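Asks: 3D model of this:
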Amino acid sequence: MEYGALAIAELDKGIHAQGPQWESQRAAALDRFEAAESYEELYGLMSQLASGAGGEHSSFVPAPIADTSRAQYAPGARFAKPTVTSSQGVTTIALPAFLGTEQASIEEYAEPTIESIRAAVPNTSCGWILDLRANRGGNAYAMLAAVGPLLDDGDIVGIRTKAGAETWLRSDDGAVDNPLYETIEAGFTVDGPVAVLTSSSTLSAGEFVATAFQGQADTTRVGKPTGGFTTSNETLTLPDGSLLIVTTGWYLDRTGRLYDEALIPDIVAPYTSAPEEADAWLRATCRDQ
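Replies: Below you'll find the model as predicted:
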């Protein structure tokens, strides 16, 4: 059935989709696809295939669950959005997880954040805190668009596939380009140090955002090691609306370093005190002191 052909073509891109074990799993799956009379009877198999092809960061989301997520992050829905707050020369941006995929939803998530950052510039003499501690992932492009003004121009973060091909995202005047969506323009960048907060709950796309700041001047990471899902996923929407999420590559920071494990903070701090440690780091070199 077409469902199986589409799935196998995507699964073959997985970082573990090679060798005798995968070939055996793949062949058995093709037989199951041919015999299947409904999509639903393949759901368990699809979960097994996702794990086999891509590892623990890959997954299969059945149509009913995928439909719920799409509704939760549809344009106009009341999903969590970033917050921007300033206090005594330090501005904190809390960046929540975001699973939206529609351009309008991405704009609802990112554009107000960009404007709040712009408004905060006059009140930010000491620096910026980017709080990713509770960011469990989703759409990395939306998240990077929201905080684009904090990123230096140039290549900021990349992905390397198992075949060695590399794809890079660039930032230009606060706008981060991407291969899937319309670029959200900012028209400005900020000048100041950035402290990125992480925890074990910082996962996947949250880790991608943290990686984008790795190697940038006047930037440090504060908190606990991340969850260790520093691999890139592709998402395929299948004919019934289910989502096949396959890990196809690894993160690269702007220096070209490849990541396949947790991101380790420069300053280790408990979850609750990480903001205070970041604030202290920023104030140590604050130009207003």
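
Asks: drop to CA atoms for contacts and neighbour counts, all remaining ones
Replies: Will do.

Asks: Now do the helices in the stretch 151-289 of the chain.
Replies: 205-213, 274-283 (DSSP state H, counting those that start in this stretch).

Asks: elements contacting the strand or helix carrying Ser51?
Replies: Taking DSSP states H and E as the criterion, Ser51 maps to helix 43-54. Helix 43-54 is packed against helix 2-11, helix 19-35, strand 59-61, strand 243-253, with contacts defined by 3 or more Cα pairs under 8 Å, 6 or more residues apart in numbering; DSSP states H and E.

Asks: again, only using 7 Å
Replies: Helix 43-54 is packed against strand 59-61, strand 243-253, with contacts defined by 3 or more Cα pairs under 7 Å, 6 or more residues apart in numbering; DSSP states H and E.

Asks: Quick check: closest non-adjacent residue to the residue nearest in space to the middle of the chain.
Replies: Here the mean C-alpha position of the chain is nearest to the C-alpha of Ala205 (Cα atoms, centre = their mean), at a distance of 1.5 Å. Excluding its sequence neighbours, the residue lying closest to Ala205 (Cα to Cα, 6 or more residues apart in numbering) is Gly137, at 4.2 Å.

Asks: Hmm, Ala97 and that neighbour touching each other?
Replies: Yes: with contact defined as Cα atoms under 7 Å, Gly137 reaches Ala97; the gap is 5.1 Å.

Asks: what pLDDT, on average, does the helix holding Ser51 get?
Replies: Summarised as a single mean, pLDDT over helix 43-54 is 96.

Asks: do stretch 140-153 as well
Replies: When pLDDT is averaged over stretch 140-153, the result is 97.

Asks: picking that back up, show me which of Gly137 and Ala97 is the more surrounded one.
Replies: Ala97 (25 against 22; other Cα atoms under 10 Å).
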